[in-house]
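[1] Okay, here's the prediction I keep looking at, along with the sequence it came from:
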Amino acid sequence: MQKQFIVIGLGRFGSSLVRTLIQNGHEVLAIDKHEQPVQDISSIATHALQADCTDETVLRELGARNFLHAIVAIGEDLQASILTTLLLKELQIPQVTAKAKNEMHGHVLSKIGADHIIYPERDMAIRLGNQLSSDNLIDYIELSPDYNLVEIKAPPAMNGKSLKQLNIRAKYGCTIMAIKTGDQFNISPKAEDEIYTGDILLVIGSNEDVRHLGVDYE
Ligand code: ADP
């Protein structure tokens, strides 16, 4: 379903976000207080505007209150980030996502009503750290602080064995949701289905259980 977003602040983060939202078929109003970033994104975004979003009148005039989702991607200027987030919440935008530079910034943003706080640098570092720590981990989605959905390379030790033989659910408490062999996806595989080196496994489980699975089969 097509959605409409406002992205405020077109630095590295904001402009990449605009590109991705557009590539995914959404409409994006992209705003920055400086001319250059607005020009750079004008051929990509649905609308691009040069405006200072700490000005309430400006936000009202550009119809910000009609949007369901706004993203405040101002990082360096804390005052502008906080004031913009506050004004967007006062305009009753249901979903305001704000980028925080550090924990204290995030804390203030959450106090003034931001619905989602993101810490791109910290989160990328954690993700990279986890990926680099394991030979098998390709990617993961954090379902909760304790549970992850992870994509791992099938380690050679699993080669030629069926799910039944590997007995992963009983041994590790994890569930293999899908096995990808080349371009083929085997969704909800059966007990007798076999795993081969080079397969990609989609596994759901607690962080600890998934880690044990990765380490034991490395
Ligand atoms: P990044 O780390 O993603 O590059 P920056 O903090 O460097 O993020 O960039 C944020 C962008 O937000 C800059 O292009 C800046 O001009 C813009 N910006 C800062 N204050 C405002 C404001 N009050 N209204 C609109 N845009 C702003």
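    Right, received. Where do you want to start? Numbers count the residues shown, from 1 in each chain.

[2] check which helix or strand covers the residue of the chain most remote from its centre.
    Farthest-out residue of the chain from its mean C-alpha position, per CA atoms, centre = their mean: Gln165, at 35.1 Å. Element membership for Gln165 (DSSP states H and E) is helix 163-166.

[3] List the buried residues for that helix?
    If you call a residue buried by 16 or more other CB atoms under 10 Å, then helix 163-166 has these buried ones: Leu163, Leu166. Using the backbone N, CA and C atoms, a C-beta is placed for each residue, glycine as well.

[4] near the ligand, which residues of this protein?
    Remark: the part of the chain in contact with the ligand comprises 8-14, 31-34, 37, 52-54, 73-77, 80, 84, using CB under 6 Å from any ligand atom.

[5] Just the residues you listed: which are in strands?
    Those of the residues of the chain next to the ligand mapping onto strands are Ile8, Ile31, Asp32, per DSSP state E.

[6] Buried by neighbour count, from the residues you listed: which ones?
    Using 16+ other CB under 10 Å as the burial test, these include Ile8, Ile31, Asp32 as buried.

[7] circling back: could you report the distance from the residue farthest from the centre of the chain to the ligand?
    49 Å (CB to the nearest ligand atom, to the nearest Å).

[8] do you know how far that residue is from Gln2?
    Gln165 sits 46 Å away from Gln2, going by CB to CB, to the nearest Å.

[9] swap in Ile195?
    Here Ile195 is placed at a distance of 39 Å from Gln2 (CB to CB).

[10] ok so, going back, return the member of the ones in strands among the residues of the chain next to the ligand nearest to the ligand.
    The ligand lies nearest to Asp32 out of these, by CB to the nearest ligand atom, at 4.5 Å.

[11] mind listing what the nearest residue to that closest one once chain neighbours are set aside touches?
    Spatial nearest neighbour of Asp32, chain neighbours left out: Leu10 (4.1 Å); criterion: CB to CB, 6 or more residues apart in numbering. Applying CB atoms under 8 Å, 6 or more residues apart in numbering, we find Leu10 in contact with Val18, Ala30, Ile31, Asp32, Pro37, Val38, Asp40, Ile41, Ala73.

[12] pLDDT-wise, which helix or strand of the chain ranks last?
    Within the chain, no helix or strand scores below helix 207-216, which has a mean of 78 by mean pLDDT, DSSP states H and E.

[13] What are the contacting residues of that one?
    When contacts are defined by CB under 8 Å, 6+ apart, helix 207-216 is touched by residues 134, 136-137, 146-148, 150, 152, 155, 168, 172-174, 203, 205.

[14] That one: which residues count as buried?
    Asn207, Asp209, Val210, Arg211, His212, Leu213, Gly214.

[15] The third one and Gln184: what is the separation?
    What that stands for is Val210. Per CB to CB, Val210 is found 23 Å from Gln184.
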